[in-house]
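Novice: Sequence and predicted structure below; questions after.
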Amino acid sequence: MRIKYLLLLLIALVSCSKDDASNPSSAIETRTFSMGFTAFPYDNSVAAQQETYQNVIADGDIFLSHLDHGVPWNEALNDLPFPEEVQNTLDATKTGLNPNTKIVLTATPNDQTRENLAMYWNNDGTHQPLPVAWQDKTFDDPDVVTAYVNYCRRIINEVQPDYFAYGIETNATFQKDDTAFAQFLTLADTVYAILKADYPNLPIFLTVQDQSFNNSRAELLETTSMLLEYSDYIAISTYPFLFYGDVTRDANPDLFADDWLLEFRNLDVSKPMAISETGFCAEDMVIENLGINVKGTEEWQTGYMDKLFEHANNLEAEFVLWFVYRDYDMLYDNTPNPPDIFKIWRDNGLLDGQGNKRPAHIKWLEWKALKRE
């Protein structure tokens, strides 16, 4: 089975009561951000894929095309036709979108560990081993830089997005003094400069995480600040139901700070900020092999959504993207030997595994009904 697509409350208005804050339409008249999803399906079937796509378009005003599959390195370097699967994915991105639906297109030269070169994306499926000629190449290798620039140009031209991220969660594992980080910054310097010259009106950025197992908070903020030199936006990936400092802590949104993203936003107040990925578990998450034992509830999920959106509004976020629309229990159960990490986002859906709408779905639509500034 292919895994195709593997962050907010400063104090509410002083005049608003808690009861008012639970209904954004009575407490807040507008939102600054677009709202949307990926089309990550709940099962590996055409029907599930089509239903998911239709639902995320209906319930969002922005769409995330999340190309975390790898890179067709040979084809991009040599200007050859993309493998059929790559081309089909690009062709499907805009199919059925409403005329006013914006598109966030994200790609990355990193693999899903976020520390090595992305694997090879071809017709045999995703996350394929790199061709022999690419296996010892580094981020700053001239072939890698050239191929990745070519790849970015081609997918931008194909999809015509409103926003483009050329790196996903790029601060996740790098440490400041890592050789690989210096090599990645070299790549980012070149890619960003070329793409900004080619597409001056397109927001081009890197996405970052708000937590790291490899870095302290101060170290994570430092590497993030270095990356922002090559990014138009501060685009944050946040899943605070899993607290890296204690992977057995309850997923109660009252347990983390109301302004948990403010330090990242303040790294450069001249840049817009956005939530590039977020979600929150609505059920208990137990992953014995990873030592994770987190209690989750639908009420906490809804509370997080309110907290998230109020914080996003206060920070004047450009967009908020939720992962996933519906729990993918069926996809998980039908995947032979699913990796443990695949459980982490399984119960983030606004719909449960049977397709029943959770309270967070109602909360989502309440916020979506607000006029966007």
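Specialist: That came in fine, so what should we check first? All values derive from a computational prediction rather than experimental measurement.

Novice: Flag the shaky bits of the stretch 101-250 of the chain, pLDDT-wise.
Specialist: Under the criterion pLDDT under 70, the flagged ranges of the stretch 101-250 of the chain are 124-127.

Novice: can you give me the helices in it?
Specialist: Taking DSSP state H, counting those that start in this stretch as the criterion, the stretch 101-250 of the chain carries its helices at 142-159, 179-198, 217-227.

Novice: Check the stretch 251-373 of the chain too.
Specialist: Under DSSP H, counting those that start in this stretch, the stretch 251-373 of the chain gives helices at 262-265, 298-314, 329-333, 359-368.

Novice: tell me, what residue is most central in the chain?
Specialist: residue 277 (3.1 Å; CA atoms, centre = their mean).

Novice: Which residue or residues pair with that residue through a beta bridge?
Specialist: residue 237 (DSSP bridges).

Novice: Hmm, residue 334 and residue 44 touching each other?
Specialist: Yes - Residue 44 is in contact with residue 334 according to CB atoms under 8 Å; the separation is 5.9 Å. Any C-beta I mention is one placed from the backbone N, CA and C, and that applies to glycine too.

Novice: can you tell me how far the residue nearest to the centre of the chain sits from residue 341?
Specialist: Shown here: residue 277 relative to residue 341, a distance of 15 Å by CB to CB, to the nearest Å.

Novice: next one: residue 204
Specialist: 29 Å.

Novice: So between these two, which is more surrounded?
Specialist: Set residue 204 next to residue 341 and count neighbours by other CB atoms under 10 Å: residue 204 wins out with 22 against 14.

Novice: Touching, the more buried one and residue 195? I think so.
Specialist: Yes - counting by CB under 8 Å, residue 204 touches residue 195, with 5.1 Å between them.

Novice: shared neighbours of the two, which are they?
Specialist: 164, 166 (CB atoms under 8 Å, 6 or more residues apart in numbering).

Novice: Which residues are in contact with the closest residue in space to residue 291 that isn't next to it in sequence?
Specialist: Closest residue to residue 291 apart from its sequence neighbours, by CB to CB, 6 or more residues apart in numbering: residue 247 at 5.8 Å. Going by CB under 8 Å, 6+ apart, residue 247 touches 290, 291, 292, 293, 294.

Novice: Now, the residues you listed that are in strands?
Specialist: Residues of the contacts of residue 247 located in strands (DSSP state E): 292, 293, 294.

Novice: got the contact list for the first one?
Specialist: Spelled out, that is residue 292. Residue 292 neighbours (CB under 8 Å, 6+ apart): 242, 247, 248, 285, 286, 344.

Novice: ok, and the most crowded of the residues you listed?
Specialist: Result: residue 285 is most packed of the contacts of residue 292 (other CB under 10 Å), 22 neighbours.

Novice: That one reaches residue 296, doesn't it?
Specialist: Yes - applying CB under 8 Å as the test, residue 285 and residue 296 come out as touching, 6.0 Å apart.

Novice: what touches both of these two?
Specialist: 241, 251, 347.

Novice: What is the nearest of the residues you listed to residue 53?
Specialist: Within the shared contacts of residue 285 and residue 296, proximity to residue 53 (CB to CB) peaks at residue 347, which comes in at 20.9 Å.

Novice: Nearest spatial neighbour of that closest one, chain-adjacent residues omitted?
Specialist: residue 283 (4.1 Å).

Novice: ditto for residue 301
Specialist: Residue 301 sits nearest to residue 282 (CB to CB, 6+ apart), 4.2 Å away.

Novice: What is the neighbour count of the residue nearest to residue 134 when sequence neighbours are not counted?
Specialist: Nearest in space to residue 134, with sequence neighbours left out and distances taken as CB to CB, 6+ apart, is residue 73 at 5.4 Å. Using other CB under 10 Å, residue 73 has 26 neighbouring residues.

Novice: if we can go back for a sec, Provide a list of residues in contact with the residue nearest to the centre of the chain.
Specialist: By CB under 8 Å, 6+ apart, the neighbours of residue 277 are 7, 64, 207, 237, 238, 239, 321, 323.
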